[in-house]
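Novice: Based on what follows, work out the 3D shape:
(chains A and B)
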Amino acid sequence: MTPLVEFRAVGFAYPTSARHRARPFRLADLSFAIAPGEIVGVIGPNSSGKTTLIRLLTRVLEPVEGEIALEGRRLRTWGRAELARQVAVVQQGVPRGFPFTVEELVLMGRYPYAPARYFEDPEDVRAARAAMSATGVLDLAPVALASLGGGETQRAVIARALAQEPRLLVLDEPTAHLDLRYQAETAALLRRLNRERGVTILLVSHDLNLAAEVSDRLLLLAEGRPVRLGTPEDVLEETLLADVYRCDVRVEPNPATGRPTVRVPYTTDVVQRCAER
Amino acid sequence: MSPQGRLALVVGGLAALLVAVAAAALLLGSAALSPRRVISAVTGRAAAGSIESVVTLSIRLPRIAVAALAGGALAVAGVAFQALTRNPLAEPSVLGISGGAAFGVVIGQSFGLGLTVVEAVGLTGFAFAGALLAAAAVYLIAAAGRGVIQVQTLLLAGVIVGIFCSAAITVIISLLDMNRLGGVIHWLLGNVAPIPPGALGLFAILLAVGFAVVLRHARELNLLALGEESAQQLGVNAERLKLVIFLGAALLTASVVAFAGPIGFVGLVVPHMLRMLLGPDNRLLVPTSLVGGAAFLLVADTIARTIVAPAELSVGVITAFCGAPFFVYLLRTRYRGLM
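Specialist: Residues are numbered from 1 along each chain as shown, chains lettered A, B, ... in the order given. Predicted structure coming up:
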């Protein structure tokens, strides 16, 4: 089966400015593939290349080395709108300053289907409503985004991405500003979208436990290089994580799901060692 | 109601308002003319050289046309700059772009350019170049060193560039013979005066071009509110969009400054009132701002030329008197969170 997405020895470097020359960021030698229907989690410390990976996948940035293929076709041969019909990104945050409603936001996801159209047609409205009901925000359609709570905002933003009817849903730190309850809700929503709608998911997250619970496979990045790709059990290993994150961690299986869970034991000596590394 | 329905309703309502305001503006003025005499002039029944014919057809009607064109252009430019900067307080005069255009116009006038069609093209060219220069300066100041532009920095940069442009204009005026720059002081405050038919036609064409550019990209401007990266990920060529919209809005601003002077705050007040009515969808705001801006500036101009009759105020004085407090109100109530 053709992978949905394939990175082949991809490398990228941001143009260095005088200010950043001290630590130029590079992404190097990144190879991995996502099969249709899979959930892949991308984890790693700050500035390990997670966001760069999303930008490369959506052609906000172009690789300097190697190649990315979507459905077996080189990414640079895809048009912008064409790509947006296959890959939808859930970014953190919503528009500020302008009081768009949930429905107006979700309808924006229909743009790639007819960029030249001035107003959306009934088919666009139907798709937007389907997306809103999939994430449970249909009742909130006429409500301004600014007046929503954190969890509702997140579901509205995911609905916008679903309105694109993508094959691949990419989430950038979906639980970054959410309470525990909404973190759990997001995890359940992602699993459901994957199971019921067959949406392939690329989940980029700081939250190792969320990634471990939701993902079929994990990709661990460190300083712009892939460190390990495999099942959550393979990747979330105490010694490996201690090395990559430069901090002692404990990995234990979740008694309910069997998935690994990661925690930092906040004993005085561990905290001391983490700070010194 | 569907967006199409709301758009039709509001545009229709504003168009009716515009016609009513235009009719009132035609009847009012420092020359006391009865409605009957005005109507006879408009319908061509008055003698060609009669007072009512001259006042109505050569003074009031062209002035109404200039006010309507300038108001529409400024309001559409306001919507465009707000979407472009993702900042609802952005506006050509606040951003210093009107100031830059005014500087360009004064330079053009110092070369003796007037309002014959050919000269008006040159004058608009100077205004456009000044607007681009000021915008580039604002951008460089506000973005200095970082990619992200903060709201405060942008407004501050706009004010600074605006002050600099006023100073530069003052220098040129001081250096040159005042007679060659006749009426420049009045014009600098934003003054809707009748202009020759050729220049009026040019103004209308420039407005049509700028409006068409912004209208064509209204849907993409909504997506820009999500941030540039998200807009790109939805299929928008964000870099190109920003450039095209910027050029369109600068052209609108420059033509207003060339033909009517730097009139402030129209681009802030009109889109804002319409946003309260219609929400933030640029596809509704762009066309309604064109008609609403025309009606608004026409009202302001009619007040300007009647309130202290037989003397006249500059229309820019009226728009500043309502716009500045409105700006403060927005800053203190609606956009606290942005600052």
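Novice: Based on its surroundings, how many neighbours for the nearest residue to residue B:241 once chain neighbours are set aside?
Specialist: Take residue B:241 and drop its neighbours on the chain: the residue closest to it by Cβ to Cβ, 6 or more residues apart in numbering or on different chains is residue B:220, 5.3 Å away. All C-beta spots, glycine's among them, are computed from the backbone N, C-alpha and C. Residue B:220: 24 surrounding residues under other Cβ atoms under 10 Å in any protein chain shown.
Novice: same thing with residue B:239?
Specialist: 10.
Novice: so how far is residue A:238 from residue A:182?
Specialist: 29 Å (Cβ to Cβ, to the nearest Å).
Novice: go on, residue B:31?
Specialist: Distance from residue B:31 to residue A:238, by Cβ to Cβ: 92 Å.
Novice: what helix or strand does the residue nearest to residue B:241 sit in?
Specialist: Taking DSSP states H and E as the criterion, residue B:220 maps to helix B:218-224.
Novice: For the stretch 51-200 of chain A, which residues are neighbours of chain B?
Specialist: A:55, A:58-60, A:79-84, A:87-89, A:91, A:93-101, A:104, A:108-109, A:111-112, A:115, A:117-119, A:164 (Cβ under 8 Å from any Cβ of the partner chain).
Novice: ChimeraX command to pick out the buried ones of those residues?
Specialist: In ChimeraX, this line selects whichever of these come out buried by 16 or more other Cβ atoms under 10 Å in any protein chain shown:
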select /A:55,58,59,60,80,81,83,84,87,88,89,91,94,95,96,97,98,99,100,101,104,108,109,111,112,115,164
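Novice: Could you pick out which of the residues of the stretch 51-200 of chain A next to chain B are located in strands?
Specialist: Per DSSP state E, strands hold the following members of those: A:87, A:88, A:89.
Novice: Any stretches of the stretch 151-300 of chain B with poor pLDDT?
Specialist: B:151, B:177-183 (pLDDT under 70).
Novice: Okay, residue A:41 and chain B: tell me how far apart.
Specialist: 20 Å (Cβ to the nearest Cβ, to the nearest Å).
Novice: and that residue, helix, strand or coil?
Specialist: Secondary structure, DSSP: H, G, I helix; E, B strand; the rest coil: residue A:41 is strand.
Novice: residues in contact with it?
Specialist: By Cβ atoms under 8 Å, 6 or more residues apart in numbering or on different chains, residue A:41 lies in contact with A:203, A:204, A:205, A:211, A:212, A:214, A:215, A:217, A:218, A:219, A:232.
Novice: which helix of chain B spans the most residues?
Specialist: Secondary structure assigned by DSSP state H gives helix B:117-143 as the longest helix of chain B.
Novice: Report the secondary structure state of residue A:68.
Specialist: Residue A:68 ends up strand, using three-state DSSP.
Novice: Please apply the same query to residue A:221.
Specialist: Relying on three-state DSSP, one would call residue A:221 strand.
Novice: what separates stretch A:88-105 from the chain centre, distance-wise?
Specialist: The chain centroid and the centroid of stretch A:88-105 are separated by 17 Å, computed with Cα atoms, centre = their mean, to the nearest Å.
Novice: quick one: average pLDDT of it?
Specialist: What stretch A:88-105 shows for mean pLDDT is 87.
Novice: Give me every residue in chain B lying close to chain A.
Specialist: Counting by Cβ under 8 Å from any Cβ, the residues of chain B near chain A are B:2-4, B:86-88, B:145, B:218-220, B:222-223, B:225-227, B:229-230, B:232-237, B:275, B:279-281, B:283, B:335, B:337-338.
Novice: Now which of these would you call buried?
Specialist: B:3, B:86-88, B:218-220, B:222-223, B:225-227, B:229-230, B:232-236, B:275, B:279-281, B:283.
Novice: Mark which of those residues are part of strands, please.
Specialist: Among those, no member falls in strands (DSSP E).
Novice: May I see the buried residues of the helix or strand encompassing residue B:162?
Specialist: Using DSSP H and E, residue B:162 sits within helix B:151-175. Under the neighbour-count criterion of 16+ other Cβ under 10 Å, helix B:151-175 has B:151, B:153-155, B:157-159, B:161-162, B:164-166, B:168-169, B:173 buried.
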